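Asker: attaching a predicted model along with its sequence, questions to come.
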Amino acid sequence: MTTNNSKKVVTRFAPSPTGFLHIGGVRTALFAYLWARKKSGTFILRIEDTDKSREVAGSMAHIEECLHWLGLHWDFGPDTPGPFGSCLQSERLAVYHSYAQKLADAGLAYPDPYTEDEVAAFRSVAEANKKPFLYRNHRPTTLGVWDGKSALRLKTPEIKRYRWHDMVRGDLEAGEEALDDFVLVKADGYPTYNFAHIVDDHEMGVTHVIRGEEFISSTPRFLSLYDALGLPPPAFATMPPIQNDEKTKKLSKRDGAKDILEYRADGYLPEAMVNFLALIGWNPGGEQEVYTLEELVAHFDLVKVQKSGGAFNEDKLLWMNKEHIKKLSRDSAEENVLAYLPENLRAQAVADRTRFKKIVPTITERISTFGEIRTLAEAGEFDYFFSAPTVTREQLKTTEFLPQVIQTVEGMDVNAFTTENLKQALWDFATEKGRGNVLWPMRYALTGKEKSPDPFTIASLLGKDETLRRLHHAANL
């Protein structure tokens with residue numbers, strides 16, 4: 001079958017505003033974006049809001065926020081109409097009615113003459129005879145004139161076997177049983193998905209439809225409508241499903257599939273989420289696993305998308321987020337840490353920006369998501385960076401060697417007060433006297449914690465003066 005192979009690649013992501021954006025939908029949007037950018041083409045965000053009974057208030061804004069967070073910026077969308085007009089289907093009703101009228105005038109569509117009860121009766125007879133219910137078996141012999149106010153059905157132009165090529169799944173086909181006279185325009189004047197998306201894809205010049213596998217079974221119906229309209233279909237690329245971690249079934253809310261913005265709230269980086277989702281079902285080859293968005297665009301190819309599903313592995317996502325935290329610039333790391341610090345610590349960090357900048361690398365080394373900062377902060381893990389801890393004689397265990405530690409620290413050059421120099425100055429002494437006897441009291445005196453980064457790191461972050469203040473206080477207990 002001939003497809004629309006225009007030179008300029010145009011892709012679209014076309015969600016319905018019926019709730020939060022699922023992980024699978026985000027991955028579809030990502031692949032559509034990558035293919036468009038790879039080919040220097042156009043990426044469209046189209047909102048398919050023709051089913052008003054299922055629409056959830058705020059969903060469209062939520063979808064836009066998700067894509068913006070991930071860096072998947074569209075060329076045309078709800079806020080940026082294209083040369084074809086609005087990207088909101090509810091604002092394109094005149095376009096659909098124009099196409100519907102052409103089909104009706106050509107005898108390829110007809111007003112639905114039956115009531116719901118009559119259709120239910122037809123269905124019951126088919127079920128009793130153990131046959132599939134096909135509306136075309138009850139098509140009226142005389143097609144009425146459509147007044148634009150009643151439901152309109154396609155008169156399937158030809159009952160035949162359809163064959164088509166999918167860029168991911170290869171050559172596919174389906175028989176006559178897949179075809180039927182489906183509704184194009186509902187009685188309320190709104191088009192069905194089956195009709196509207198085909199009209200819009202043509203009007204918007206879409207060359208590649210990147211979609212979920214749930215649409216494969218409907219493809220013969222879509223192709224019959226392309227035939228009726230005399231339009232070449234676009235290229236189809238069907239995405240593999242995203243499965244749960246055990247790869248036993250498609251990921252769902254029951255498996256913990258979350259709203260994508262929940263990951264933002266948990267302190268995941270958008271770069272990590274994009275990287276992670278790109279590698280579920282797509283294998284660029286080679287050993288590299290950590291990619292920037294620009295690198296993903298450069299490497300992406302629809303023909304390398306896999307047929308089989310890939311697992312949503314939370315541990316892998318956590319690892320990948322850690323890797324992307326390591327790649328952050330100093331300014332970005334500081335900005336993220338500051339955003340997740342509790343208000344009291346944030347105020348202290350802003351007041352003592354010099355010390356805050358010094359401790360950021362130590363904080364980022366301890367976390368895999370920025371959300372973990374909240375948990376650590378609630379446990380008091382960062383208090384000692386900003387204020388002296390409460391230290392007890394019992395917890396110190398011994399102060400026997402603190403005077404020698406203090407003497408060594410006092411003798412160090414303030415400009416060379418680094419982790420490495422502190423370790424070099426104290427390590428042999430600690431080894432000789434017992435590291436637990438020397439380093440434990442030193443660390444506890446500085447932090448008041450049983451667990452913390454090593455005392456050399458802590459001292460270098462606090463600075464010479466504050467380190468000596470805390471050591472003298474502990475030694476005098």
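Answerer: Received, thanks. Note that the structure is a prediction, hence the values are computed from the model and not measured.
Asker: the protein - how does it break down into domains?
Answerer: Domain assignment for the chain, taken from automatic domain parsing, gives 1-243, 253-326, 330-376, 393-475.
Asker: arrange these in TSV, one row each, with mean neighbour count, distance to Asp383 and mean pLDDT as further columns.
Answerer: All C-beta atoms are positioned from the backbone trio N, CA, C, and that covers glycine. Converted to TSV, the domains of the chain look like this (neighbours: other C-beta atoms under 10 Å; distance: least, C-beta to C-beta, whole Å; pLDDT from 0 to 100):
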stretch	mean neighbour count	distance to Asp383	mean pLDDT
domain 1-243	17	31	94
domain 253-326	17	20	93
domain 330-376	16	8	95
domain 393-475	17	8	94
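Asker: now for the ones you listed, which one comes closest to Phe386?
Answerer: Evaluated over the domains of the chain, closeness to Phe386 peaks at domain 330-376, with 4.1 Å, by C-beta to C-beta.
Asker: ends of that closest one, what's the gap?
Answerer: End-to-end span of domain 330-376 (C-alpha to C-alpha, to the nearest Å): 21 Å.
Asker: from the middle of its chain, how far away would that domain be?
Answerer: 25 Å (C-alpha atoms, centre = their mean, to the nearest Å).
Asker: ditto for stretch 436-456
Answerer: Centroid separation between stretch 436-456 and its chain, computed with C-alpha atoms, centre = their mean, is 41 Å.
Asker: can you list contacts of it?
Answerer: With C-beta atoms under 8 Å, 6 or more residues apart in numbering as the test, stretch 436-456 has contacts from 362, 366, 380-381, 383-384, 389-391, 395-402, 405, 419-420, 422-423, 426, 429-430, 458-459, 462, 467, 470-471, 473-475.
Asker: can I take it that Tyr110 is in a helix?
Answerer: No - according to DSSP: H, G, I helix; E, B strand; the rest coil, Tyr110 belongs to no helix; its state is strand.
Asker: so what's Arg54 closest to, chain neighbours aside?
Answerer: Thr18 (4.7 Å; C-beta to C-beta, 6 or more residues apart in numbering).
Asker: check which helix or strand the one you found maps to.
Answerer: According to DSSP states H and E, Thr18 maps onto no helix or strand at all.
Asker: how close does it sit to Pro191?
Answerer: 16 Å (C-beta to C-beta, to the nearest Å).
Asker: again with Arg374
Answerer: For Arg374, the distance to Pro191 - C-beta to C-beta - is 47 Å.
Asker: first to last residue in stretch 42-59, what's the distance?
Answerer: By C-alpha to C-alpha, the extent of stretch 42-59 from end to end equals 24 Å.
Asker: and for stretch 281-292?
Answerer: Taking C-alpha to C-alpha, stretch 281-292 runs 18 Å from one end to the other.
Asker: what of stretch 144-164?
Answerer: The separation between the terminal residues of stretch 144-164, taken as C-alpha to C-alpha, is 33 Å.
Asker: give me the distance from that stretch to the chain's centre.
Answerer: 37 Å.
Asker: can you give me how far the strand or helix carrying Arg443 is from the chain middle?
Answerer: Assessed by DSSP H and E, Arg443 sits inside helix 435-447. Distance of helix 435-447 from the chain centroid (C-alpha atoms, centre = their mean) equals 44 Å.
Asker: got it, and stretch 266-279?
Answerer: Its chain's average C-alpha position is 7 Å from that of stretch 266-279, according to C-alpha atoms, centre = their mean.
Asker: mind listing residues that contact it?
Answerer: Contact with stretch 266-279 is made by 23, 26-27, 30-31, 34, 69-72, 260, 263-264, 289-293, 296, 300, 310, 316-317, 320-321, 323-325, 327-328, 336, 340, 367, 369-373, as judged by C-beta under 8 Å, 6+ apart.
Asker: nearest residue to the residue sitting furthest away from the middle of the chain other than its sequence neighbours?
Answerer: The outermost residue of the chain, judged against the average C-alpha position, is Glu400 (55.5 Å), by C-alpha atoms, centre = their mean. What sits nearest to Glu400 in space, not counting adjacent residues and going by C-beta to C-beta, 6+ apart, is Asn437, at 6.8 Å.
Asker: any idea how far Asp112 is from the one you found?
Answerer: For Asn437 relative to Asp112 (C-beta to C-beta), the value is 89 Å.
Asker: confirm for me that Tyr110 is in contact with Leu143.
Answerer: Yes - under the contact definition of C-beta atoms under 8 Å, Tyr110 touches Leu143, with a separation of 3.8 Å.
Asker: which neighbours do those two share?
Answerer: What both Tyr110 and Leu143 touch, as defined by C-beta under 8 Å, 6+ apart, is the set Lys155.
Asker: Three-state assignment for the residue farthest from the centre of the chain, please.
Answerer: coil.
Asker: next secondary structure after the helix or strand hosting Trp35?
Answerer: Using DSSP H and E, Trp35 sits in helix 23-38. Next along the chain after helix 23-38, taking DSSP H and E as the criterion, comes strand 42-45.
Asker: quick check, distance from that following strand to the centre of its chain.
Answerer: 17 Å.
Asker: and the helices in the stretch 201-350 of the chain, which stretches?
Answerer: 219-229, 260-265, 270-278, 293-299, 314-326, 330-340, 343-351 (DSSP state H, counting those that start in this stretch).
Asker: just the angle between the helix or strand following the last one and helix 314-326, please?
Answerer: Beyond helix 343-351 in the direction of the C-terminus, DSSP H and E gives the next helix or strand as helix 353-365. Using axes from the mean of the first three to the mean of the last three C-alpha atoms, to 10 degrees, one finds that helix 353-365 and helix 314-326 are set 150 degrees apart in direction.
Asker: just to revisit the earlier point, and the helix holding Trp35, how far out from the chain's middle?
Answerer: For helix 23-38, the distance to the chain centre is 10 Å (C-alpha atoms, centre = their mean).
Asker: got it, and stretch 364-379?
Answerer: That offset, for stretch 364-379, works out to 22 Å (C-alpha atoms, centre = their mean).
Asker: Leu462 is in contact with Arg470, isn't it?
Answerer: Yes - using C-beta under 8 Å, Leu462 is in contact with Arg470, at 7.3 Å.
Asker: now name the helix or strand holding the nearest residue to Thr447 once chain neighbours are set aside.
Answerer: Once flanking residues are discounted, Thr447 sits nearest to Tyr384: 4.3 Å by C-beta to C-beta, 6+ apart. Using DSSP H and E, Tyr384 sits within helix 383-386.
Asker: next SSE after that helix?
Answerer: Heading C-terminal from helix 383-386 (DSSP H and E), you reach helix 393-396.
Asker: quick one: contacts of that following helix?
Answerer: Outside helix 393-396, the residues that touch it by C-beta under 8 Å, 6+ apart are 399, 441, 444-445, 448, 450, 474, 477.
Asker: all good on my end, thank you.
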